[in-house]
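K.L.:
Need a 3D model of the sequence below.
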Amino acid sequence: MQEDNSDPEREDQKAVLRVIDSMKGEIIDLCAQLVKLQSVNPKYPDADGARYLGGEKDCNKLLESVLAGFGCKTDLFEKAPLRTNLVGTLKGIGGGRSLILNGHIDTVPFGKLERWNGGGPLSGRIVDGRLFGRGSCDMKSGIASMCKAAEAIARAGYSLNGDLFVESVVGEETMDHELGTSATVERGYRADAAIITEPTSLSLEPVTTGVLLLRVSVEGKSTHTTARDMMIRAGGLGDEIGVNAIEKGVKVIRMLQQLEEQWGITKRHPLFNPGHFVIHPGVIDGAPRGHRYVAVVPDYCDIDYAILFPPSEPPEKIKKEIEDYVLTACRLDTWLEKHPPKFDWQGTWPAGEVSPDHPICLSIASAHAIAQGSKVVLKGMPAPVDAPFLDNKGVPAVLYGPGNIEQAHAENEYVSIDQLIVATKTVALSIMEWCGVSKK
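P.N.:
Just a heads-up that it's a prediction; the model follows:
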């Protein structure tokens, strides 16, 4: 990344920063209001969809009034009932670059309520400079910061030269980008670049992790549990009498653990910690079909994986590498050689990458240096996000926002108030630098 050449003495920047300082209470209040409105993604596994459906719409109706209040033309629309997206358009006067500010309003479920401290997941309470509640970090604080950043520019008496689109979308938490971010693109909202205000702890993250979802199914052979000795002891009948699918599944897990160790060396990226790309077994289910009782040897085992891969390798290459490795290792097992595991690839969340020297990155770096008083930290986003669905449509998308990713999805989730305010300032200055401004 090139050196920051920003001029901290620009009067327009100072004016907008003064306005944001005067708006601090409003910024915090908007974030708290959003937290107090549940917007759990109704398609989240094991969520009570009927209970949560409509929460996203409630949040975006609140945001619509905020955006309309400073001159945005608002667009509430749905690709599925009550899964409502919001786009606010601030039309530029001409001569500037266009910009998308994007964030997802859906959250994960609350988790165990008894683990939340006073007030629960919808409290929006503030303690020791932290605002608590589900979505406070991921990512209602980011949405509050981008809405108020745009508002501050208008309040300071400036018009944008380029068009600005402020998007609050659904579906990110369950990879339903077709209902959210991709739906905005289909609706015609495109720009020269995008900033997604995901929780990055105020670091600039132009690279995102890809994720593959995989179910590996291992076949066994049922018999009575008391035949186990004849299955496993030397001199017994072995596979002829029965095969424990769970134990064969454990073998497959070990195979992929060995591949994962190799990945720690072979799959690297300069913006990610060494060893970041992993093969994670997240759910395992095995039993005798129709019985689910220990008196019968289990004849199936399913292992669900989340596989994190770098942007330098296409998903199909990763899939082939995993299948080839497992099937080759299965040749060392008499049962698995004849009854190889089945691979059901259930989803792909693409990785994304924008050059750190891209002009949008330089604009954010310049803005952060003024807002925070220090050089921005450059990192990779360790989790899958919506950025690639913009990038793949010709809109370079990078991440910058308040909140620590380790707080996302956690009980007692919170965001730092200081980060919320600095993010608002950085986003505002980024808008001005990218779109250009003129005095009204």
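
K.L.:
neighbours around D138, how many?
P.N.:
28 (other CB atoms under 10 Å). For glycine as for every other residue, the C-beta is placed from the backbone atoms N, C-alpha and C.

K.L.:
Any chance of the backbone angles for the nearest residue to it once chain neighbours are set aside?
P.N.:
Among residues not flanking D138 along the chain, A408 sits closest, at 3.5 Å (CB to CB, 6 or more residues apart in numbering). According to degrees, to the nearest 10, the main-chain angles of A408 amount to phi -60, psi 130.

K.L.:
One more: H358?
P.N.:
The phi/psi pair for H358 (degrees, to the nearest 10) is phi -60, psi 140.

K.L.:
Now for it, how many residues are close by?
P.N.:
H358, neighbours per other CB under 10 Å, totals 15.

K.L.:
Tell me who's in contact with it.
P.N.:
193, 206, 396, 398 (CB atoms under 8 Å, 6 or more residues apart in numbering).

K.L.:
I'd guessed G238 sits against A227; true?
P.N.:
No. G238 lies out of contact with A227 (CB atoms under 8 Å); the separation is 10.9 Å.

K.L.:
Give me the below-cutoff pLDDT ranges for the stretch 1-150 of the chain.
P.N.:
In the predicted model, the stretch 1-150 of the chain carries pLDDT under 70 at residues 1-9.

K.L.:
Name the SS class of C301, please.
P.N.:
What DSSP: H, G, I helix; E, B strand; the rest coil gives for C301 is strand.

K.L.:
ok, it - how many residues close by?
P.N.:
By other CB under 10 Å, 25 other residues sit near C301.

K.L.:
after the longest helix seen in the chain, next one along is what?
P.N.:
Counting by DSSP state H, the longest helix found in the chain is helix 245-266. Using DSSP states H and E, the next helix or strand after helix 245-266 towards the C-terminus is strand 279-287.

K.L.:
and that following strand, which strands flank it?
P.N.:
Looking at strand 279-287 with DSSP bridges, its partner strands are strand 300-309 (antiparallel).

K.L.:
circling back to that earlier point, so who does the residue nearest to D138 touch?
P.N.:
137-139, 199, 383.

K.L.:
average model confidence for stretch 398-418?
P.N.:
For stretch 398-418, the mean pLDDT works out to 96.

K.L.:
shouldn't L76 be in contact with L86?
P.N.:
Yes. Checked against CB under 8 Å, the pair L76 and L86 is within contact range at 5.5 Å.

K.L.:
So between the two, which is more surrounded?
P.N.:
Between L76 and L86, counted using other CB under 10 Å, the more crowded position is L86 (28 against 15).

K.L.:
which SS state does G103 fall under?
P.N.:
Secondary structure, three-state DSSP: G103 is strand.

K.L.:
Ok, T226 next?
P.N.:
What three-state DSSP gives for T226 is helix.

K.L.:
Give me the distance between it and V297.
P.N.:
10 Å (CB to CB, to the nearest Å).

K.L.:
The two: which has the busier surroundings?
P.N.:
It is V297, of T226 and V297, that has more neighbours when counted by other CB under 10 Å, with 24 against 9.

K.L.:
which residues touch the more buried one?
P.N.:
Here V297 is in contact with 220-225, 227-228, 231, 242-244, 288 (CB under 8 Å, 6+ apart).

K.L.:
Verify the contact between L101 and F165 for me.
P.N.:
Yes. Under the criterion of CB under 8 Å, L101 makes contact with F165 at 7.0 Å.

K.L.:
Just the element for L17, please.
P.N.:
Per DSSP H and E: helix 11-22 holds L17.

K.L.:
buried ones in that helix?
P.N.:
By neighbour count on 16 or more other CB atoms under 10 Å, the buried set for helix 11-22 is 12-13, 15-17, 19-20.

K.L.:
Kindly report the domain assignment for this protein.
P.N.:
Domain segmentation of the chain under automatic domain parsing yields 11-208+352-439, 210-349.

K.L.:
which one of these is the most hemmed in?
P.N.:
Ranked by mean neighbour count, the domains of the chain are led by domain 11-208+352-439 with a mean of 21 (mean count of other CB atoms under 10 Å).

K.L.:
Relative to the whole chain's centre, how far out is that domain?
P.N.:
Here domain 11-208+352-439 is found 12 Å from its chain centre; the criterion is CA atoms, centre = their mean, to the nearest Å.

K.L.:
Endpoint to endpoint, it covers what distance?
P.N.:
11 Å (CA to CA, to the nearest Å).

K.L.:
Which residue ranges of the chain form helices?
P.N.:
11-22, 24-36, 49-52, 55-69, 141-155, 181-186, 228-232, 245-266, 315-329, 334-338, 359-372, 387-391, 417-435.

K.L.:
what's the closest of the ones you listed to R130?
P.N.:
helix 417-435 (6.8 Å; CB to CB).

K.L.:
And the buried residues of helix 11-22, which is closest to G210?
P.N.:
Of those, the one sitting nearest to G210 (CB to CB) turns out to be I20, at 35.2 Å.

K.L.:
and the nearest residue to the closest one once chain neighbours are set aside, what pLDDT?
P.N.:
Distances taken as CB to CB, 6+ apart place A152 nearest to I20, at 4.8 Å, with adjacent residues excluded. Per-residue confidence (pLDDT) for A152: 98.

K.L.:
tell me the contacts of A152?
P.N.:
So A152 contacts 16, 19-20, 23, 424, 428 (CB under 8 Å, 6+ apart).

K.L.:
mind saving the C-alpha coords of stretch 397-404 as PDB?
P.N.:
Taking Å, rounded to 0.1, in the frame of the first residue of the first chain, the C-alpha atoms of stretch 397-404 are listed here in PDB:
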ATOM      1  CA  ALA A 397     -15.600  -4.400  -2.300                       C
ATOM      2  CA  VAL A 398     -13.500  -4.100   0.800                       C
ATOM      3  CA  LEU A 399     -14.200  -4.300   4.600                       C
ATOM      4  CA  TYR A 400     -13.800  -1.700   7.300                       C
ATOM      5  CA  GLY A 401     -15.900  -1.400  10.400                       C
ATOM      6  CA  PRO A 402     -16.300  -1.300  14.200                       C
ATOM      7  CA  GLY A 403     -16.200  -4.300  16.400                       C
ATOM      8  CA  ASN A 404     -14.000  -7.300  17.000                       C
END
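
K.L.:
Pull stretch 281-293 out as PDB, backbone CA atoms only.
P.N.:
Written as PDB, here are the backbone C-alpha positions of stretch 281-293 (Å, rounded to 0.1, in the frame of the first residue of the first chain):
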ATOM      1  CA  PRO A 281     -15.500 -31.100  11.200                       C
ATOM      2  CA  GLY A 282     -18.500 -29.300  12.800                       C
ATOM      3  CA  VAL A 283     -21.200 -31.900  13.000                       C
ATOM      4  CA  ILE A 284     -21.100 -35.700  13.200                       C
ATOM      5  CA  ASP A 285     -24.000 -38.100  13.200                       C
ATOM      6  CA  GLY A 286     -23.900 -41.800  13.100                       C
ATOM      7  CA  ALA A 287     -26.200 -44.700  14.200                       C
ATOM      8  CA  PRO A 288     -27.900 -47.800  13.000                       C
ATOM      9  CA  ARG A 289     -30.600 -46.800  10.500                       C
ATOM     10  CA  GLY A 290     -34.000 -47.100  12.000                       C
ATOM     11  CA  HIS A 291     -32.700 -48.100  15.500                       C
ATOM     12  CA  ARG A 292     -30.400 -45.400  17.000                       C
ATOM     13  CA  TYR A 293     -29.600 -47.800  19.800                       C
END
